[in-house]
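Trainee: dropping the sequence and predicted coords here.
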Amino acid sequence: MAIQWFPGHMHTTKKALLERLPDIDVVIEMLDARLPGSSSNPLLAELTAGKPALKVLNKRDLADPELTPQWLAHLQSHPGTRAIALDAGERAPARLLIDACRELAPRRGGMVKPLRVLICGIPNVGKSTLINTLAGQRAANTGDEAGITRNEQRIALASDVDLFDTPGMLWPRITVERSGYHLAASGGIGRNAYDDEDVALQLLDSVRLRYADRLRTRYQLDDAALASSDSLLTAVGRRRGALMSGGRINRAKAAEITLNDFRAGAWGRITLEAPAEFDAWWTAGQAIEAERQARQARPRRRPPPTP
């Protein structure tokens, strides 16, 4: 079942974005380096069309070092877009943002025309951690639950650079089913919108072939355990002591362990999607969405009147 999550405060965020955008010079979108495609907001792309864009692949320390350069090249192939990768908690890489924004808007800066930057991203992508690093103080609340930031904040990054922070926002309809699961696995979707076991199974299916060696090492598995995501979840539960009476596997607990291990980077540096792979998912998802909308637009046939 596809995962959807667009609570009421995200409608408010959309309206605030539309009001703020006319005064903004550069839009920073923070992406999760482990799922750059799935964490890229198509609604934001629509709202900010024409604005210089800086894509920041955050959590690079948790992402596959071979796939991150591919994603950077893929993102920078779009006009008016720069892309960098960093870990939001590191001060030196974070300061590169100011220079990148100045390059994207070279005519802005100085006290007469200060550079105005808007930072956006999905919930729990590490935006608040980055802002605190840039500001050198606790300017934004942080947490491991989606939806911590609820109000716009303004932070002076330099004497002529103002950063406007917005609450994390998704989009009204996630058309790529795999993206919904990847977002949930990363913690970008509220816990009430998905089932842990379903998400854990999809997550394991995304990693069990590309990163089989990591899973074998983490859970001391044999090849049989990697035959399917279901058998893998069972093996994780058995290895990590998620057992009930009679030796049965507590699948809910096994799913929780699986998700927590991924989020904490216990499997090593992992990326759930490659650029070409995601593009194929996106194309398929758009076709399915177009068919869904076409069905809704068709007039319903009324039953013939009874004689």
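Mentor: Great, that's in hand.
Trainee: can you pull the contacts of residue 115?
Mentor: For residue 115, the contact set (C-beta atoms under 8 Å, 6 or more residues apart in numbering) comprises 25, 26, 101, 102, 105, 108, 109, 160, 161, 162. From N, CA and C alone the C-beta is placed, and that goes for glycine too.
Trainee: which strand residues bridge it?
Mentor: Under DSSP bridges, the beta-bridge partners of residue 115 are residue 161.
Trainee: need the residues that contact the lengthiest helix in the chain.
Mentor: If you go by DSSP state H, the chain has its longest helix at helix 275-297. The contact list for helix 275-297 (C-beta under 8 Å, 6+ apart) reads 36-38, 70-71, 74, 173, 175-179, 273.
Trainee: 6 Å instead, please
Mentor: By C-beta atoms under 6 Å, 6 or more residues apart in numbering, the surrounding residues in contact with helix 275-297 are 37, 70, 71, 74, 175, 176, 178.
Trainee: and the strands in the stretch 51-200 of the chain?
Mentor: 53-58, 81-86, 115-121, 153-158, 161-165 (DSSP state E, counting those that start in this stretch).
Trainee: so what's the gap between the last one and the chain middle?
Mentor: Spelled out, that is strand 161-165. Mean-position distance between strand 161-165 and its chain equals 21 Å (C-alpha atoms, centre = their mean, to the nearest Å).
Trainee: over to the longest one?
Mentor: Using C-alpha atoms, centre = their mean, we find the averaged C-alpha position of strand 115-121 to lie 17 Å away from the chain's own average C-alpha position.
Trainee: swap in stretch 115-132?
Mentor: With C-alpha atoms, centre = their mean, you get 12 Å for stretch 115-132.
Trainee: domains for the protein, by residue range?
Mentor: Domain assignment of the chain by automatic domain parsing yields the ranges 13-165, 195-268.
Trainee: make a markdown table out of those domains and add distance to residue 290 and mean pLDDT.
Mentor: Putting the domains of the chain into a markdown table (distance: least, C-beta to C-beta, whole Å; pLDDT from 0 to 100) gives the following:
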| stretch | distance to residue 290 | mean pLDDT |
| --- | --- | --- |
| domain 13-165 | 14 | 85 |
| domain 195-268 | 24 | 95 |
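Trainee: how about those in a markdown table, adding distance to residue 189?
Mentor: As requested, these are exported to a markdown table (distance: least, C-beta to C-beta, whole Å):
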| stretch | distance to residue 189 |
| --- | --- |
| domain 13-165 | 6 |
| domain 195-268 | 9 |
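Trainee: among those, which is nearest residue 185?
Mentor: domain 195-268 (4.4 Å; C-beta to C-beta).
Trainee: can you give me the end-to-end distance of the closest one?
Mentor: 24 Å (C-alpha to C-alpha, to the nearest Å).
Trainee: then stretch 45-62?
Mentor: 25 Å.
Trainee: other residues contacting that stretch?
Mentor: Contacts for stretch 45-62 (C-beta under 6 Å, 6+ apart): 17, 26-34, 36, 68, 75, 80-85, 87-88, 100, 104-105, 125-126, 265.
Trainee: I'd like to know which of those are buried.
Mentor: Among the contacts of stretch 45-62, the ones that count as buried by 16 or more other C-beta atoms under 10 Å are 17, 26-34, 36, 68, 75, 82-85, 87-88, 100, 104-105, 125-126.
Trainee: report the mean per-residue pLDDT for the longest helix of the chain.
Mentor: The average pLDDT within helix 275-297 is 92.
Trainee: how far does it sit from its chain's centre?
Mentor: Taking mean C-alpha positions (C-alpha atoms, centre = their mean), helix 275-297 and its chain are 19 Å apart.
Trainee: now stretch 44-52
Mentor: Per C-alpha atoms, centre = their mean, the centroid offset for stretch 44-52 relative to its chain is 18 Å.
Trainee: what's the span of it, first residue to last?
Mentor: 13 Å.
Trainee: also stretch 206-225?
Mentor: 15 Å.
Trainee: how about residues contacting that stretch?
Mentor: Taking C-beta under 6 Å, 6+ apart as the rule, stretch 206-225 contacts 226, 231, 232, 235, 236, 239, 267, 268, 270, 272.
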